[in-house]
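Visitor: fold the following and give me the result.
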Amino acid sequence: MTQYVLVHGAWHGGWCWRHVADGLRDHGHRVFTPTLTGLGERAHLLNPETGVGTHRADILAVLDCEELTDVVLVGHSYGARPTALACDHPAVRQWVSLDGVPVSPGGTLFDGAPPDVIAAARSAAVDVGAKAMLPLPAEVVGVPADHPGHAWVNRRQTPMPWRCLSEPQPALPARFEGLPKAYVLALGNTLAGPSQGAAEAREKGWPMPAIDSGHDLMVTAPDETVAALLAFA
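Guide: Next comes the predicted model:
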């Protein structure tokens, strides 16, 4: 039995893993789907200090409090960043980026974006206990308007802490380099951050199974996502 910890990306919460978690459990594995501070059902905890370090601490707390071992740690989209930082925990034996953004130290999620796009996002930011970016529509994150999950994703998304988007990625733990790593590619992704993450994975030679889906592949291709993750069990 493998223990999976599935970590969501920007604007999402643990809710987004519902079908993938059920599929992995059907195969006899334990699955944990924590919601990061300031998002989902924990949106009320957002504060100006909420950043990638906070989210690393969220993940480490789950690993410790659940006394996990033999963990496949999966980060979707932005979730690749805090999960990579949490790989210093000895329970983690495999790290998987699920159509994730780059994790190399020093980069931000705005790197490469046109200045006018950044300016527009900044002007549209809201204050919900801290500065935050409003969610992108479900179709932009890869859930088509005619998909049954479209309304669900639009309904459940919450603003993303601005600091998580704008602060540079901290240095990765030494243990990260020695862990097995993989990148699960969403072939239909149209977002810049995950495209840059895929390029990073290719450059580093990480295994890269591909799924014919948009970016939110845990919503639009749950069976295929389960199959990809089972390969690491």
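
Visitor: from now on I want contacts and neighbour counts done on CA atoms only, so please keep to that.
Guide: Will do.

Visitor: per-residue pLDDT of the nearest residue to H44 once chain neighbours are set aside, please?
Guide: Counting by Cα to Cα, 6 or more residues apart in numbering, H44 lies nearest to G38, which is 6.2 Å off, once chain neighbours are set aside. Residue-level confidence at G38 comes out at 98, pLDDT.

Visitor: which ones are touching G38?
Guide: By Cα atoms under 8 Å, 6 or more residues apart in numbering, the contact set of G38 is 44-47, 50, 160-161.

Visitor: which of the residues you listed are buried? Put it as a ChimeraX command.
Guide: Selection of buried members from the contacts of G38 for ChimeraX, criterion 16 or more other Cα atoms under 10 Å:
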select :46,47,50,160,161
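
Visitor: identify the residues contacting the one helix or strand Q94 maps to?
Guide: According to DSSP states H and E, Q94 maps onto strand 92-98. Strand 92-98 is contacted from outside by 69-77, 80, 83-84, 87, 179-185, 232, using Cα under 8 Å, 6+ apart.

Visitor: can you flag the buried ones in the residues you listed?
Guide: 69, 71-77, 80, 83-84, 87, 181-185, 232.

Visitor: out of those residues, which are inside helices?
Guide: Applying DSSP state H to these, the entries found in helices are 80, 83-84.

Visitor: quick revisit: which SS state does the residue nearest to H44 fall under?
Guide: What DSSP: H, G, I helix; E, B strand; the rest coil gives for G38 is coil.

Visitor: how much space between it and R163?
Guide: Going from G38 to R163 by Cα to Cα, to the nearest Å gives 11 Å.

Visitor: repeat that for T50.
Guide: Separation of T50 from R163 (Cα to Cα): 7 Å.

Visitor: do the same with L63
Guide: Per Cα to Cα, L63 is found 24 Å from R163.
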